[in-house]
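S.K.: sequence-free structure coming up:
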């Protein structure tokens with residue numbers, strides 16, 4: 001009997017041992033499963049955060065597209081009316097109204113022209129223009145933003161100040177009292193000096209209200225700076241009696257300067273592409289008007305890069321596929337904003353196609369051969385040449401000989417052969433390239 005009980009006890013012990021082990025393993029599996037669920041939930045949360053961040057960036061980009069489209073449209077309207085006006089006041093009045101309309105934070109504004117030592121208000125938005133014009137205001141009364149400790153610099157001509165309605169000690173007490181009544185209370189003011197040569201011809205100011213407590217974004221200040229450059233150009237050419245073509249060119253250059261703030265690589269690139277494209281067009285026998293169209297297309301060919309995130313444009317290493325896909329959108333974006341202007345729409349199609357390849361493997365439309373506008377084919381050669389012979393963050397510039405051989409090697413593949421031939425003739429006539437031996441020809 002004892003032996004039987006012993007056997008039963010041993011068997012029960014073995015059973016309980018294995019059962020307990022199995023139970024522990026099951027509990028471990030459950031715990032492992034819980035940890036896996038937690039890991040998956042954490043991953044989902046991380047993906048949600050990334051999605052929300054991407055959605056936020058997309059919204060910012062969409063908003064930025066709208067803002068720059070507004071700048072292009074405003075510039076177009078200003079060009080159109082410039083030739084119809086014979087006074088500074090009408091143009092600057094319209095420019096201020098455009099600035100307050102398209103810069104989202106702006107609520108008030110004013111334009112001043114400096115005449116000798118006199119400070120003359122010619123237009124305001126929000127402030128009491130009639131009262132300000134009745135005051136005998138002198139240049140010396142007003143704060144020089146270049147010398148104020150409260151000035152926050154944005155660039156060489158745009159200054160940002162907080163709460164500028166504080167009494168200026170240089171303004172007589174009785175004048176300041178009336179001036180204070182005529183102006184609204186502001187939270188932040190952006191001032192653009194209108195410089196002609198070394199002289200300050202006037203200022204354009206935009207304000208946010210004390211009530212809203214809004215501050216200007218960098219994008220808004222860039223747009224304001226571009227409009228201010230247009231004002232300076234208008235006054236300069238108005239006083240020199242030179243309008244139309246040169247004025248329009250300077251407006252385009254003002255917008256390009258705005259782009260160069262955004263993309264360090266483009267500094268000087270657009271002007272170089274424009275100059276080379278003009279020379280190729282002349283070599284190919286274009287008439288005067290088509291040479292101009294080619295030149296202007298070169299100036300604005302990369303304008304769509306304004307909408308590409310700065311981190312991608314200035315990345316010190318090679319781009320990922322996803323980043324390059326964003327870069328590839330810039331010709332279409334450039335076309336979209338330029339097509340809004342009655343003065344620039346004729347060159348918009350050239351800009352859209354400047355990254356198409358002769359063999360059809362380019363972008364954004366994948367067209368080939370004669371489907372590609374000939375001006376675009378010229379831009380492609382000029383753009384590629386300047387890119388090859390310019391230092392980049394991730395590689396050194398190619399020497400001229402190697403760059404020429406690359407063009408020749410890709411004739412009728414990436415490039416239109418007759419455009420390459422014309423460009424080589426241009427190079428042969430340029431002293432900078434006279435030592436090149438055309439090994440691939």
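M.R.: All right, it came through fine. In this text, all values refer to a predicted model and were calculated from it rather than measured experimentally.
S.K.: so where's this structure uncertain?
M.R.: With pLDDT under 70 as the threshold, the chain has low-confidence stretches at 1-88, 148-150, 153-156, 163-169, 195-199, 232-267, 341-343, 392-395, 431-441.
S.K.: tell me where it has strands.
M.R.: 108-115, 118-125, 152-153, 158-162, 186-196, 199-209 (DSSP state E).
S.K.: hang on, isn't residue 338 packed against residue 300?
M.R.: Yes: counting by C-beta atoms under 8 Å, residue 338 does reach residue 300; the two are 6.4 Å apart. For every residue, glycine as well, the C-beta is placed using N, CA and C.
S.K.: redo the strands of the chain as JSON lines? Include mean neighbour count.
M.R.: Below are those laid out as JSON lines (neighbours: other C-beta atoms under 10 Å):
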{"stretch": "strand 108-115", "mean neighbour count": "20"}
{"stretch": "strand 118-125", "mean neighbour count": "19"}
{"stretch": "strand 152-153", "mean neighbour count": "14"}
{"stretch": "strand 158-162", "mean neighbour count": "19"}
{"stretch": "strand 186-196", "mean neighbour count": "22"}
{"stretch": "strand 199-209", "mean neighbour count": "21"}
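S.K.: include distance to residue 141 when you put the ones you listed into JSON lines, please.
M.R.: Putting these into JSON lines (distance: least, C-beta to C-beta, whole Å) gives the following:
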{"stretch": "strand 108-115", "distance to residue 141": "11"}
{"stretch": "strand 118-125", "distance to residue 141": "7"}
{"stretch": "strand 152-153", "distance to residue 141": "22"}
{"stretch": "strand 158-162", "distance to residue 141": "16"}
{"stretch": "strand 186-196", "distance to residue 141": "15"}
{"stretch": "strand 199-209", "distance to residue 141": "13"}
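S.K.: which one of those strands lies nearest to residue 102?
M.R.: Closest approach to residue 102 among the strands of the chain (C-beta to C-beta): strand 199-209, 10.5 Å.
S.K.: strands paired with that closest one, and their directions?
M.R.: strand 108-115 (antiparallel), strand 186-196 (antiparallel) (DSSP bridges).
S.K.: for residue 280, which of the strands of the chain is the nearest?
M.R.: Nearest to residue 280, of all the strands of the chain, is strand 186-196, at 34.8 Å by C-beta to C-beta.
S.K.: tell me the angle the closest one makes with strand 158-162.
M.R.: 160 degrees (axes from the mean of the first three to the mean of the last three C-alpha atoms, to 10 degrees).
S.K.: so what touches strand 186-196?
M.R.: 105, 108, 145, 154, 157-165, 200-216, 221, 224-225, 227-228, 231-232, 235-236, 239 (C-beta atoms under 8 Å, 6 or more residues apart in numbering).
S.K.: rerun that using 7 Å as the cut-off
M.R.: For strand 186-196, contacts defined as C-beta atoms under 7 Å, 6 or more residues apart in numbering pick out 108, 145, 157-165, 200-210, 212-216, 221, 224-225, 228, 231-232, 235-236.
S.K.: same thing with stretch 134-149?
M.R.: Against stretch 134-149 from outside (C-beta under 7 Å, 6+ apart): 114, 117-119, 151, 159, 161, 164, 168, 170-171, 175, 178-179, 191.
S.K.: now that stretch: buried residues?
M.R.: Buried positions in stretch 134-149, judged by neighbour count with 16 or more other C-beta atoms under 10 Å: 135, 137, 139, 141, 142, 143, 145.
S.K.: now swap in stretch 416-430 and tell me
M.R.: 416, 419, 420, 421, 422, 423, 424, 426, 427.
S.K.: which of these fall within helices?
M.R.: 419, 420, 421, 422, 423, 424, 426, 427 (DSSP state H).
S.K.: how close does the third one sit to residue 357?
M.R.: This points to residue 421. Plainly put, residue 421 is 17 Å away from residue 357 if you go by C-beta to C-beta, to the nearest Å.
S.K.: one more: the second one?
M.R.: Distance, residue 420 to residue 357, using C-beta to C-beta: 13 Å.
S.K.: got it, and the fourth one?
M.R.: Applying C-beta to C-beta, the value for residue 422 to residue 357 is 18 Å.
S.K.: now swap in residue 308 and tell me
M.R.: 21 Å.
S.K.: what do you get for residue 107?
M.R.: Distance, residue 107 to residue 357, by C-beta to C-beta: 49 Å.
S.K.: could you do residue 363 as well?
M.R.: 9 Å.
S.K.: now do the same contact list for residue 124.
M.R.: Counting by C-beta under 7 Å, 6+ apart, residue 124 touches 109, 110, 132.
S.K.: so it bridges to which residues?
M.R.: In this entry, residue 124 is beta-bridged to residue 110, by DSSP bridges.
S.K.: again, but for residue 189
M.R.: residue 161, residue 207.
S.K.: for residue 209, which non-adjacent residue is closest in space?
M.R.: Excluding the flanking residues, the one nearest residue 209 by C-beta to C-beta, 6 or more residues apart in numbering is residue 107, at 4.8 Å.
S.K.: what does that neighbour show for phi and psi?
M.R.: Main-chain dihedrals, residue 107, degrees, to the nearest 10: phi -120, psi -40.
S.K.: mind listing what it touches?
M.R.: Residue 107 touches 126, 207, 208, 209, 212, counting by C-beta under 7 Å, 6+ apart.
S.K.: tell me how far it lies from residue 176.
M.R.: Distance from residue 107 to residue 176, by C-beta to C-beta: 23 Å.
S.K.: now residue 322
M.R.: 57 Å.
S.K.: so these two - more neighbours on which side?
M.R.: Set residue 322 next to residue 176 and count neighbours by other C-beta atoms under 10 Å: residue 176 wins out with 17 against 8.
S.K.: measure the more buried one to residue 161 for me?
M.R.: Taking C-beta to C-beta, one finds residue 176 at 17 Å from residue 161.
S.K.: cool, residue 135 as well?
M.R.: Relative to residue 161, and taking C-beta to C-beta, residue 135 is found at 21 Å.
S.K.: give me the neighbour count for the nearest residue in space to residue 369 that is not next to it in sequence.
M.R.: In space, and not counting its chain neighbours, residue 369 is closest to residue 358: 6.2 Å by C-beta to C-beta, 6+ apart. Neighbourhood size, residue 358 [other C-beta under 10 Å]: 24.
S.K.: my guess is residue 358 meets residue 413, correct?
M.R.: Yes: contact criterion C-beta atoms under 7 Å: residue 358 and residue 413 qualify, at 6.4 Å.
S.K.: returning to that earlier point: common neighbours of residue 338 and residue 300, please.
M.R.: With C-beta under 7 Å, 6+ apart as the test, residue 338 and residue 300 both reach 347, 351.
S.K.: more crowded one of these two?
M.R.: Using other C-beta under 10 Å, the more surrounded residue of residue 338 and residue 300 is residue 338, with 28 against 25.
S.K.: contacts only, for that one.
M.R.: So residue 338 contacts 72, 300, 303, 344, 345, 347, 348, 351 (C-beta under 7 Å, 6+ apart).
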